[in-house]
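Participant: when you get a sec, could you give me coordinates for this:
(2 chains)
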Amino acid sequence: DIVLTQSPATLSVTPGESVSLSCRASQGISTSIHWYQQKSNESPRLLIKYASQSISGIPSRFSGSGSGTDFTLSINRVESEDFSVYYCQQSYSLPLTFGSGTKLEIK
Amino acid sequence: EVQLQESGPGLVKPSQSLSLTCSVTGYSITSNYWGWIRKFPGNKMEWMGYISYSGSTSYNPSLKSRISITRDTSKNQFFLQLNSVTTEDTATYYCARSPRGYGWFAYWGQGTLVTVSS
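Facilitator: Numbering: from 1, shown residues only, chains lettered A, B, ... in the order given. Next up, the predicted model:
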């Protein structure tokens, strides 16, 4: 199975700051990585597909980059509604796997 | 717009079977791929498996001996059965749609918490 390691586990920031969340794959997966946001008591929401492709309806402050084993989700100027948990997921091979998540919290 | 809704018992006894239904509206399950994903206490997420537009299935090998995903196209529903559950199967279970077997999930149900306890 492909293991996805997300870092940091928790990121404390002030609204208005820009942040980068990391996802590292245990083997090369091209750009087969997708990012989700999950708020408490809600379903995950797809933010980015295939490492950098934007999703309709998602604010432009969310962007993704990377290929191979190292991937980044960037949030430009974090807003209060962005404080939640973020997951990466790979679709390079079955079984599909998820990272352990990064919690973005208010400093 | 496609909507998914999970339903089923919220409490299951150890060694019994867990059975959930995902009811889909706004899109036919004879297109795309329809999966089950669970989130454990502590945030770990696990893909359990899917059923395709044709009815073929793929399961996570970690569950292969215990899991079955089936469907009823006349009701536009698909189902999860997980046998011989233990307390470690306590989780929030989600159904979701993917455009391909090796894909992402753009549409999710609201999730249903299943607790395994005697």
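Participant: can you pull the contacts of residue A:50?
Facilitator: A:31-34, B:104 (C-beta atoms under 8 Å, 6 or more residues apart in numbering or on different chains). Placement of C-beta: from N, CA and C, glycine included.
Participant: could those be laid out in a markdown table, adding distance to residue A:101?
Facilitator: Output for the contacts of residue A:50, formatted as a markdown table (distance: C-beta to C-beta, whole Å):
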| residue | distance to residue A:101 |
| --- | --- |
| A:31 | 21 |
| A:32 | 19 |
| A:33 | 14 |
| A:34 | 14 |
| B:104 | 16 |
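Participant: what's the offset of the strand or helix carrying residue A:48 from the middle of its chain?
Facilitator: Assigned by DSSP states H and E, residue A:48 belongs to strand A:45-49. Put simply, strand A:45-49 sits 8 Å off its chain's centre (C-alpha atoms, centre = their mean, to the nearest Å).
Participant: CA atoms only: put it into CSV for me.
Facilitator: Below are the C-alpha coordinates for strand A:45-49, written out as CSV (Å, rounded to 0.1, in the frame of the first residue of the first chain):
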residue,chain,number,x,y,z
ARG,A,45,-14.9,18.5,0.6
LEU,A,46,-12.7,18.1,-2.4
LEU,A,47,-10.4,21.1,-2.9
ILE,A,48,-7.8,20.0,-5.5
LYS,A,49,-7.5,17.0,-7.8
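Participant: spatially central residue for chain B, please.
Facilitator: With distances taken as C-alpha atoms, centre = their mean, the residue of chain B nearest its centroid is residue B:36 (2.8 Å).
Participant: check chain A too.
Facilitator: residue A:35 (4.1 Å).
Participant: model confidence score at it, please.
Facilitator: Per-residue confidence (pLDDT) for residue A:35: 98.
Participant: now do the contacts for it.
Facilitator: Contacts of residue A:35 (C-beta under 8 Å, 6+ apart): A:23, A:46-48, A:62, A:64, A:73, A:86-89.
Participant: the strand holding residue A:48 near chain B anywhere?
Facilitator: Yes: residues of strand A:45-49 contacting chain B under C-beta under 8 Å from any C-beta of the partner chain: A:45-46, A:49.
Participant: direction included, what does that strand pair up with?
Facilitator: Here strand A:45-49 is paired, per DSSP bridges, with strand A:33-38 (antiparallel), strand A:53-54 (antiparallel).
Participant: which residues of chain B fall in strands?
Facilitator: Secondary structure of chain B by DSSP state E: the strands cover B:3-7, B:11-12, B:18-25, B:33-39, B:45-52, B:57-59, B:67-72, B:77-82, B:91-98, B:107-108, B:112-116.
Participant: tabulate the CA atom coordinates of the last one in PDB.
Facilitator: Once non-C-alpha atoms are left out, strand B:112-116 reads as follows in PDB (Å, rounded to 0.1, in the frame of the first residue of the first chain):
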ATOM      1  CA  THR B 112     -23.200   7.700   9.700                       C
ATOM      2  CA  LEU B 113     -21.600   6.800  13.000                       C
ATOM      3  CA  VAL B 114     -21.500   3.100  13.700                       C
ATOM      4  CA  THR B 115     -20.500   1.900  17.100                       C
ATOM      5  CA  VAL B 116     -19.500  -1.700  17.800                       C
END
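Participant: now that strand and strand B:18-25, what's the angle there?
Facilitator: Relative orientation of strand B:112-116 and strand B:18-25, computed by axes from the mean of the first three to the mean of the last three C-alpha atoms, to 10 degrees: 170 degrees.
Participant: again, but for the fifth one
Facilitator: Direction vectors for strand B:45-52 and strand B:18-25, defined by the same axes, to 10 degrees, enclose an angle of 60 degrees.
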